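Student: Next input, structure requested:
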Amino acid sequence: MRVGQSDGEGNDGAQRGQESLLLPISDAGEAYRLILERVDALVRGRSGIADRAVPACPGWNIRQVVAHLAGVAQDIVALNLEEKGTSPWADAQVARLGGHGIDDLLDMWRDSLDEVAANLAFASDAGVCQLVFDTLTHEHDIRGALKEPGSRAGDLTFKAALGFVTTMGDRFIRQARLPALRLCTPAIGSVELGDFHTARDHLALNISDFEALRSFGGRRSVGQLLALPWDGDPTKLMPVFTDVLPAFTNGGLRPPVNALVE
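Tutor: You can find the predicted model right below:
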């Protein structure tokens with residue numbers, strides 16, 4: 001991966017040898033706590049929202065999404081991670097905790113934080129950034145269900161989440177010999193995914209941090225992906241979204257059939 005930085009005169013420089021945008025565990029852990037605080041402020045004490053459907057997570061309501069988030073924290077503490085990222089793993093969390101109220105689930109999540117942090121200290125940067133990626137994605141799933149957008153600007157949470165996406169995306173694009181992509185967002189700057197020296201096709205995409213999260217997080221249909229402001233023909237890059245990205249979440253990030261408008 002190569003990360004470009006503006007030199008102040010409109011030209012892109014490059015930091016050669018920088019292999020990853022992954023944040024260190026301490027920063028990613030702080031990002032994780034920040035998302036909890038935002039979700040807590042968003043849904044705590046609100047009546048009538050628990051059973052509201054979450055369009056980005058078909059079959060789940062807001063209570064079930066929060067149950068998943070609390071369940072992930074509990075499973076990290078219990079080291080129940082063999083099936084992490086799979087649908088059965090998430091479904092088991094919802095089955096275990098879905099009968100609780102939202103405020104109770106938030107309390108369970110918060111009560112797990114110190115032990116989660118202790119266990120994350122022994123995890124990889126990629127693993128902790130993946131946790132931020134999943135949690136941030138679900139924050140915006142909940143916001144979409146409530147029709148209350150917010151926190152879309154690049155901050156520590158987006159740096160962690162998109163650092164994970166670009167690191168894994170670069171790896172899989174190279175392995176699958178797909179077109180190289182220069183992705184530009186405010187939080188991560190200009191990042192080259194794939195090998196620009198050997199790839200037969202090159203593309204560029206300049207989008208917001210939020211749109212990058214939703215596009216690379218399985219929340220945009222193929223039609224929506226193709227409609228992004230690509231520089232170049234994105235058709236050959238679609239396997240990134242339909243085949244490659246699902247690979248690093250055990251099949252959990254396939255684009256929806258119908259467009260998700262947020």
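Student: C-alpha from now on. contacts and neighbour counts both.
Tutor: OK.
Student: From H100, how far off is S47?
Tutor: 14 Å (Cα to Cα, to the nearest Å).
Student: Also V43?
Tutor: Per Cα to Cα, V43 is found 14 Å from H100.
Student: Equivalent analysis for H138, please.
Tutor: H138 is 18 Å from H100, by Cα to Cα.
Student: Can you pick out the residue with more neighbours from those two?
Tutor: More crowded of H138 and H100, by other Cα atoms under 10 Å: H138, with 23 against 15.
Student: and the more buried one, what does it touch?
Tutor: H138 makes contact with V65, according to Cα atoms under 8 Å, 6 or more residues apart in numbering.
Student: Please repeat the previous calculation with a cut-off of 10 Å.
Tutor: 35, 39, 54, 56-57, 62, 65-66, 68-69, 132, 144, 217 (Cα atoms under 10 Å, 6 or more residues apart in numbering).
Student: likewise W109?
Tutor: With Cα under 10 Å, 6+ apart, W109 has these contacts: 36, 40, 66-74, 103, 116.
Student: try 7 Å this time
Tutor: 70, 73 (Cα atoms under 7 Å, 6 or more residues apart in numbering).
Student: In terms of helices and strands, where is it?
Tutor: Using DSSP states H and E, W109 falls within helix 102-111.
Student: tell me which residues of that helix are tucked away?
Tutor: In terms of neighbour count (16 or more other Cα atoms under 10 Å), helix 102-111 has its buried residues at 102-103, 105-106, 108-110.
Student: Double-check that L181 belongs to a strand.
Tutor: Yes - assigned with DSSP: H, G, I helix; E, B strand; the rest coil, L181 falls within a strand.
Student: Look at the residue nearest the centre of the chain and tell me its secondary structure.
Tutor: Geometric centre of the chain, nearest residue: F133, 3.1 Å, by Cα atoms, centre = their mean. Put simply, F133 is helix when judged by three-state DSSP.
Student: shaky segments in the stretch 101-250 of the chain?
Tutor: For the stretch 101-250 of the chain, applying pLDDT under 70 flags the ranges 244-250.
Student: all helices for it, in order.
Tutor: Secondary structure of the stretch 101-250 of the chain, counting by DSSP state H, counting those that start in this stretch: helices at 102-111, 113-120, 125-146, 156-176, 209-216, 222-226, 239, 245-247.
Student: Using CSV, lay out the ones you listed together with distance to T86.
Tutor: CSV is the format used below for those (distance: least, Cα to Cα, whole Å):
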stretch, distance to T86
helix 102-111, 20
helix 113-120, 19
helix 125-146, 12
helix 156-176, 17
helix 209-216, 17
helix 222-226, 22
helix 239, 20
helix 245-247, 10
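Student: do you know which of those helices lies nearest A90?
Tutor: Minimum separation from A90 across these (Cα to Cα) falls at helix 125-146, 11.6 Å.
Student: one step back: now the helix holding W109 - C-alpha only, PDB.
Tutor: What follows is helix 102-111 as a C-alpha-only set of coordinates in PDB (Å, rounded to 0.1, in the frame of the first residue of the first chain):
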ATOM      1  CA  ILE A 102     -31.900  -1.300  25.200                       C
ATOM      2  CA  ASP A 103     -30.800   0.500  28.400                       C
ATOM      3  CA  ASP A 104     -29.800  -2.800  30.000                       C
ATOM      4  CA  LEU A 105     -27.900  -3.800  26.900                       C
ATOM      5  CA  LEU A 106     -26.000  -0.500  26.900                       C
ATOM      6  CA  ASP A 107     -25.100  -1.200  30.600                       C
ATOM      7  CA  MET A 108     -23.900  -4.700  29.800                       C
ATOM      8  CA  TRP A 109     -21.700  -3.300  27.000                       C
ATOM      9  CA  ARG A 110     -20.300  -0.500  29.200                       C
ATOM     10  CA  ASP A 111     -19.700  -2.900  32.000                       C
END
